[in-house]
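>>> Would you be able to build a 3D model of this:
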Amino acid sequence: MKVQIFSTLSGMELNEWIKAARLSKKLTQDQLAEALDLTKGNVSAWEVGRHEPSYGTLVKIIEITGFNGPLPGLGAPIVTESEWPFQKVSKEKVVALGSSDRAQLEACIILSAAQLDLDVKK
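Numbering: from 1, shown residues only. Model (predicted):
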């Protein structure tokens, strides 16, 4: 039996999410690229779906734009540093995890939260 842990934002792809985040702050591709210390070409490639930014860059986009809607493929918004709830877990190491390892970590957290009778979104 396969259990789906992540849900996707209805119909939104990652490239659309990046553009929505940028436009929510009324930034041009040049302005977002400058804030990320990258090129307009990087932002353009993400928005047309030719390339995908790293997880760390996605976190930076959230911090720059304040756009914190759920990312496609994840069931909840990314937690930014100011909201990091764990004192003994390194945010940097979690951010550096591959998507499979992040999924495994989230599954463990969901199971623990359910055992503590915390609200777990399905």
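
>>> from here on, contacts and neighbour counts on C-alpha atoms
Fine.

>>> Residue 110 - nearest residue in space that isn't next to it in sequence?
residue 120 (6.6 Å; C-alpha to C-alpha, 6 or more residues apart in numbering).

>>> you'd agree that neighbour is up against residue 114?
Yes: Residue 120 lies in contact with residue 114 (C-alpha atoms under 8 Å); the separation is 6.3 Å.

>>> Number of residues surrounding the residue nearest to residue 110?
Neighbours of residue 120 under the rule other C-alpha atoms under 10 Å: 11.

>>> Then residue 105?
13.

>>> Mind telling me what element it is part of?
Of the helices and strands defined by DSSP states H and E, residue 105 is found in helix 99-115.

>>> For that helix, what does the pLDDT average out to?
What helix 99-115 shows for mean pLDDT is 84.

>>> now do stretch 26-37
Per-residue scores along stretch 26-37 average to 95.

>>> Can I get it in PDB? Just the C-alpha atoms.
C-alpha atoms of stretch 26-37 as PDB (Å, rounded to 0.1, in the frame of the first residue of the first chain):
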ATOM      1  CA  LYS A  26       5.600  43.500  -7.900                       C
ATOM      2  CA  LEU A  27       9.200  42.600  -8.800                       C
ATOM      3  CA  THR A  28      10.700  42.400 -12.300                       C
ATOM      4  CA  GLN A  29      12.800  39.400 -13.200                       C
ATOM      5  CA  ASP A  30      15.800  41.700 -13.000                       C
ATOM      6  CA  GLN A  31      14.900  42.800  -9.500                       C
ATOM      7  CA  LEU A  32      14.400  39.300  -8.200                       C
ATOM      8  CA  ALA A  33      17.600  38.100  -9.800                       C
ATOM      9  CA  GLU A  34      19.500  41.000  -8.200                       C
ATOM     10  CA  ALA A  35      18.100  40.200  -4.800                       C
ATOM     11  CA  LEU A  36      19.100  36.600  -5.300                       C
ATOM     12  CA  ASP A  37      22.600  37.600  -6.600                       C
END
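
>>> Stretch 42-55: which residues count as buried?
Neighbour counts using 16 or more other C-alpha atoms under 10 Å place 42-44, 46-47, 52-53 of stretch 42-55 among the buried residues.

>>> ok, which stretches of this protein are helices?
In the chain, the helices defined using DSSP state H lie at 14-24, 29-36, 40-47, 55-65, 91-96, 99-115.

>>> Nice, that's everything, thank you.
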